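>>> prediction below, plus the sequence it came from.
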Amino acid sequence: MEMQKNKVIQIPKDDIIVEGYALGTLKALNRKGTTKKQFINLEDIKLNAKTLSSELSKIISDLSLPKEVREISQVHQLLLEDPFLWKKLEDASVDGKIKIEDYEHIRDEIISLLLSTDNPLIQQRVDDIKDLFRNLLLGSSEGLDNLRGSVVYSEEFFPSEVVKLSTLGVKALISTQGSHTTHAAILARAFEIPYIIRVPDLSEYEGKTVFVDAVIGRIVIDPDDTNVREFEKIIKRYTKEKEKIEKYGRLKFDDIKIMANISVPQEIEVAKKKGADGIGLFRTEFLFVGRDNPPSEEEQYLVYKKALETFYPEEVVIRLLDAGGDKKLEYLPIDGEENPFLGLRGIRLLLRHKEILKTQLRALLRASPHGNLSVLVPMVTLPEDIKELLEIIQETKEELLTEGRKIGSFKLGIMVEVPSIIWLIDKIAPHIDFVSIGTNDLAQYIFAADRNNLSVAKYYQDEHEIIFEIIATIAKKARNFNLPVSVCGELAGKEDAVERLLQSGVTKFSVSSFKIPFIKRKIHEIQTAMNKNMKTKTSDDPSLLS
């Protein structure tokens, strides 16, 4: 039976790891089986370890490679040199041979030790362990040459495979599993290979031409000739524009900040590379999801401290846990909510579970001396939300000071995403330092349309005139209290919305890292057209915009 041409698979934005476009033949990454033998020689493993160590040393010392590649290679080198690993292998060997099942048991035992930590950052090393054991068995990543220049599909990708695939010029990576925090994801970002995770099974389409749109979020299977020509134009235009636009990331404006939205710490380096003027939205949900217990104070503190130190003296806006709605946590059960988007979300949930709120506040306040911290409160609906939170913050401060802890200065701001704030901002403003407008949820609540529900997609309009009027109203009221206003929703990253947002009084834009140069260029064009003088930190470089 002939397959349908132009079959489109929609991809949620959250499943895009690296933005970009790709057109090519879909090829599955078929890994070599471990071995059909019942035993493996310990000496062979040791020889493979020497080869791997040599390869890793070359990567680590190659300063032309992205920093992330060298850092992850150092992790692999440390794992390779771990005495615990070699003692386990020595103990399992009999007459220089190890049973395959014993070899796999050692691998699984080390993985279990990592998983037992309940630390999602440590748990991500699981992929590194799998990668290492596989390469010790086979020698290195191999059998990939046939994937040159194609769109590669797999259940998952190992770090060493991403490095190899980058040298083969693969056009995109798509996988049925994965997350934003894996080392494979970090490497894909470093090499800027378009990458989408959690796709459905595509094995039946192997050998077909596919168009990967990791910007809007779609995969087009077997496009017809007309669409292929159109997709080629899109890619050519995007590539040409991307090459020209990177230099705009270095621009610094006098009164406008273009900041980064960060979902996991691994995105921080990408944000710096793209020219972010700080972090406008540091989502903390990654610390809380996929585990049986909430993260400890120390675990959170170390993450926040690193983000603040990395961007100092620029501002880092860290949002309190925004759970509820579509973001469920196993250890925070919410009973019988018929409409969770109108239920216990954001600050509502945190005020119900004060022990989790206080732990996060303690970690944030402890981290505050290490940088320019702003704390953002999600789903604020009434002035009482902030008043109750301020009491808890004061209580937490006193506890920390009594313990002899240092606390730095920090700012407190609210997300504007619930319509009630439009009329209540005057009552909340005296208690806060800034306002951040989350246009995604704001539009969702204004138009009563779930932004992830395709059947009501026509009602979700974040560029509607009403949304701009609301933003202008909020900004005008905020100015009366000298409160800066930022926009951190998708609207901030849309070039055709930039001028309207500036006219509305928005002074900070928080966007995905890849969009930073595009938004800076747009602002530069607007300011140039208005014949305004623009001072930049690189103004002594006349070739900057040539």
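Structure's in. What do you need? What you are looking at is a predicted structure, and each value in this text was computed from that prediction instead of being measured. Residues are numbered from 1 along each chain as shown.
>>> so, low pLDDT: which residues of the stretch 1-150 of the chain?
Within the stretch 1-150 of the chain, the stretches with pLDDT under 70 are 1-3, 31-37, 117-124, 139-143.
>>> just checking, I466 touches I446?
Yes: between I466 and I446 there is a contact under Cβ atoms under 8 Å: 6.4 Å. (C-beta placed from N, C-alpha, C; glycine too.)
>>> all helices for the stretch 151-300 of the chain, in order.
With DSSP state H, counting those that start in this stretch as the criterion, the stretch 151-300 of the chain has helices at 159-167, 183-191, 225-245, 268-274, 297-311.
>>> neighbouring contacts of the shortest one?
Contacts with helix 268-274, where a contact means Cβ atoms under 8 Å, 6 or more residues apart in numbering, come from 67-68, 189-190, 246, 249, 260, 262, 279, 306-307, 310-311, 513-514, 516-517.
>>> again, but for stretch 399-410
Contacts for stretch 399-410 (Cβ under 8 Å, 6+ apart): 362, 364-366, 368-370, 373-375, 397.
>>> now swap in stretch 75-84 and tell me
With Cβ under 8 Å, 6+ apart, stretch 75-84 has contacts from 49, 52-53, 56-57, 60, 85, 110, 125, 128-129, 131-132, 159-160, 183.
>>> where in the chain is pLDDT low?
Looking at the chain by pLDDT under 70, you get 1-3, 31-37, 117-124, 139-143, 181, 325-327, 336, 452, 454, 531-546.
>>> the residue most distant from the middle of it, which is it?
The C-alpha centroid of the chain is most remote from D95, which lies 48.0 Å away (Cα atoms, centre = their mean).
>>> which secondary structure state is assigned to Q461?
Under DSSP: H, G, I helix; E, B strand; the rest coil, the three-state class of Q461 is coil.
>>> likewise L332?
Under the three-state scheme (three-state DSSP), L332 adopts coil.
>>> tell me the most buried of the helices of the stretch 151-300 of the chain?
Comparing these by mean neighbour count (mean count of other Cβ atoms under 10 Å), helix 183-191 ranks first with a mean of 26.
>>> as PDB, could you dump the C-alpha coordinates of that helix?
Output in PDB follows, covering the C-alpha atoms of helix 183-191 (Å, rounded to 0.1, in the frame of the first residue of the first chain):
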ATOM      1  CA  HIS A 183      24.600  14.800  27.600                       C
ATOM      2  CA  ALA A 184      23.300  13.900  24.100                       C
ATOM      3  CA  ALA A 185      21.100  17.000  24.300                       C
ATOM      4  CA  ILE A 186      23.900  19.200  25.500                       C
ATOM      5  CA  LEU A 187      26.100  18.100  22.700                       C
ATOM      6  CA  ALA A 188      23.400  18.500  20.100                       C
ATOM      7  CA  ARG A 189      23.100  22.100  21.300                       C
ATOM      8  CA  ALA A 190      26.800  22.600  21.200                       C
ATOM      9  CA  PHE A 191      27.000  21.400  17.600                       C
END
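>>> contact partners of that helix?
Contact partners of helix 183-191, identified using Cβ under 8 Å, 6+ apart, comprise 17-18, 66-69, 72, 75, 124, 127-128, 156-159, 161-163, 166, 173, 178-179, 195, 197, 266-267, 270.
>>> mind checking which of those are buried?
17-18, 66, 68-69, 72, 124, 127-128, 156-159, 161-163, 166, 173, 178-179, 195, 197, 266-267, 270 (16 or more other Cβ atoms under 10 Å).
>>> just the element for L424, please.
Using DSSP states H and E, L424 sits in helix 421-428.
>>> comparing I466 and I446, which shows the higher neighbour count?
The neighbour count for I466 versus I446, taken as other Cβ atoms under 10 Å, is higher for I446 (21 against 11).
>>> quick one, helices of the stretch 1-150 of the chain?
42-61, 67-80, 83-92, 100-115, 120-123, 125-138.
>>> which of these has the highest mean neighbour count?
The stretch of the helices of the stretch 1-150 of the chain with the highest mean neighbour count (mean count of other Cβ under 10 Å) is helix 125-138, at a mean of 20.
>>> which SSE is immediately downstream of the host helix or strand of S486?
S486 belongs to strand 485-487 when assigned by DSSP H and E. Sequence-wise, the next helix or strand downstream of strand 485-487 (DSSP H and E) is helix 498-504.
>>> pull that next one out as PDB, backbone CA atoms only.
What follows is helix 498-504, C-alpha atoms only, in PDB (Å, rounded to 0.1, in the frame of the first residue of the first chain):
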ATOM      1  CA  VAL A 498       8.900  43.600  18.900                       C
ATOM      2  CA  GLU A 499       7.900  47.100  17.800                       C
ATOM      3  CA  ARG A 500       4.500  46.900  19.400                       C
ATOM      4  CA  LEU A 501       6.000  45.600  22.600                       C
ATOM      5  CA  LEU A 502       8.500  48.400  22.800                       C
ATOM      6  CA  GLN A 503       5.700  50.900  22.100                       C
ATOM      7  CA  SER A 504       3.700  49.400  25.000                       C
END
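>>> that one: how far from the chain's middle?
Distance, stretch centre to chain centre, for helix 498-504: 26 Å (Cα atoms, centre = their mean, to the nearest Å).
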